[in-house]
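Q: what follows is a predicted protein model with its sequence.
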Amino acid sequence: MGGHSHWAGIKHKKALTDAKKGKVYTKIIKEITIAARLGGGKPEDNPRLRKAMDDAKDNNMPLDNVKRAIARGTGQEPGVVYEELTYEGYGPAGTAVIVNCTTDSKNRTASEIRKLFDSHGGKMGGSGCVSYMFKQKGQIIVSKETMGEDELMNIALEAGAEDFKSDEGSSVYEIITAPEDFETVKKALEDHKVEMEQAEITMIADNKVEIGEDKAEQVLNFMEALDDHDDVQTAYSNYNIPEEILEKLDR
């Protein structure tokens, strides 16, 4: 997803998650637990944990929930042991899809994700079947109302950003970084009091599949079904749906 239609997708996803706060809490708790297990319980030394805790704060999760999840991750409290898994395949209209899951039952999750692919006109494939089409990048979204283009671009590029996008007709700027430069660029924006709509390490497709009105709803329904699954932490695809089609679908 890229440009304006990507931001529309983000806004739609936020509306969905706000309506399903219980599911969001479950996913954030899993992410905090895994992050603490892999990188320790101190957010200042663990960027992944820091991001998960920011997500918890943004969703008004009680601090006690966060503390318990960290304690379970570091082994200070007993709890479910989660495993991270990645599935790949093709969604509707030949779109490439990567699904990152956190689960306590690999067999159950694999079966359920495969069923979601099948029931939405897609097909789950083997490891590596589509991941070569994506690159891991830092992505920061800033509203165009926040700051002028030249000033923001200078801040971002001087801090080490790889790319700065200002698509015509889009309401946002998109800043792309290498994963290792993401925190530096984000901090530079924070130091300049730049309010970010979204800031995360994500997977960006090398090439997009353009989706017409005939397939748009099928593609979006599939991505929403993945997002709605309790074990799915993130799902990435290389579709691009024009803004005018999203508006027709009220997305």
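A: Sure, I can see it.
Q: what sits against residue 121?
A: By Cβ atoms under 8 Å, 6 or more residues apart in numbering, the contact list for residue 121 reads 91, 92, 218, 222. (Glycine included, C-beta is placed from N, CA and C.)
Q: and it, helix, strand or coil?
A: Here residue 121 is coil, with the state taken from DSSP: H, G, I helix; E, B strand; the rest coil.
Q: now residue 202
A: With three-state DSSP as the criterion, residue 202 reads strand.
Q: thought it was touching residue 135?
A: No. Taking Cβ atoms under 8 Å as the definition, residue 202 is not a contact partner of residue 135, at 9.8 Å.
Q: those two - which one has more neighbours?
A: Neighbours per residue (other Cβ atoms under 10 Å) separate residue 202 from residue 135, with residue 202 holding more: 18 against 14.
Q: for the more buried one, which non-adjacent residue is closest in space?
A: Nearest residue to residue 202 in three dimensions, chain neighbours excluded: residue 139, at 4.9 Å (Cβ to Cβ, 6 or more residues apart in numbering).
Q: quick revisit: greatest separation within the contacts of residue 121: which pair is it?
A: With distances taken as Cβ to Cβ, the most widely separated pair in these is 91 and 218, at 8.6 Å.
Q: which residues are in contact with each of those two?
A: With Cβ under 8 Å, 6+ apart, residue 91 and residue 218 have common neighbours 120, 121.
Q: of those two, who's got more company?
A: Neighbours around residue 91 and residue 218, counted as other Cβ under 10 Å, are more numerous at residue 91. The numbers are 28 against 17.
Q: can you pull out the helices in the stretch 1-150 of the chain?
A: 3-19, 21-39, 47-58, 63-74, 106-119, 149-158 (DSSP state H, counting those that start in this stretch).
Q: columns mean pLDDT, mean neighbour count and distance to residue 166 on top of these, output as a markdown table?
A: Below are the helices of the stretch 1-150 of the chain laid out as a markdown table (pLDDT from 0 to 100; neighbours: other Cβ atoms under 10 Å; distance: least, Cβ to Cβ, whole Å):
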| stretch | mean pLDDT | mean neighbour count | distance to residue 166 |
| --- | --- | --- | --- |
| helix 3-19 | 50 | 16 | 10 |
| helix 21-39 | 91 | 19 | 31 |
| helix 47-58 | 93 | 18 | 25 |
| helix 63-74 | 95 | 18 | 36 |
| helix 106-119 | 97 | 15 | 35 |
| helix 149-158 | 96 | 15 | 5 |
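Q: got JSON lines for those, with distance to residue 171 too?
A: Converted to JSON lines, the helices of the stretch 1-150 of the chain look like this (distance: least, Cβ to Cβ, whole Å):
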{"stretch": "helix 3-19", "distance to residue 171": "7"}
{"stretch": "helix 21-39", "distance to residue 171": "24"}
{"stretch": "helix 47-58", "distance to residue 171": "20"}
{"stretch": "helix 63-74", "distance to residue 171": "32"}
{"stretch": "helix 106-119", "distance to residue 171": "31"}
{"stretch": "helix 149-158", "distance to residue 171": "13"}
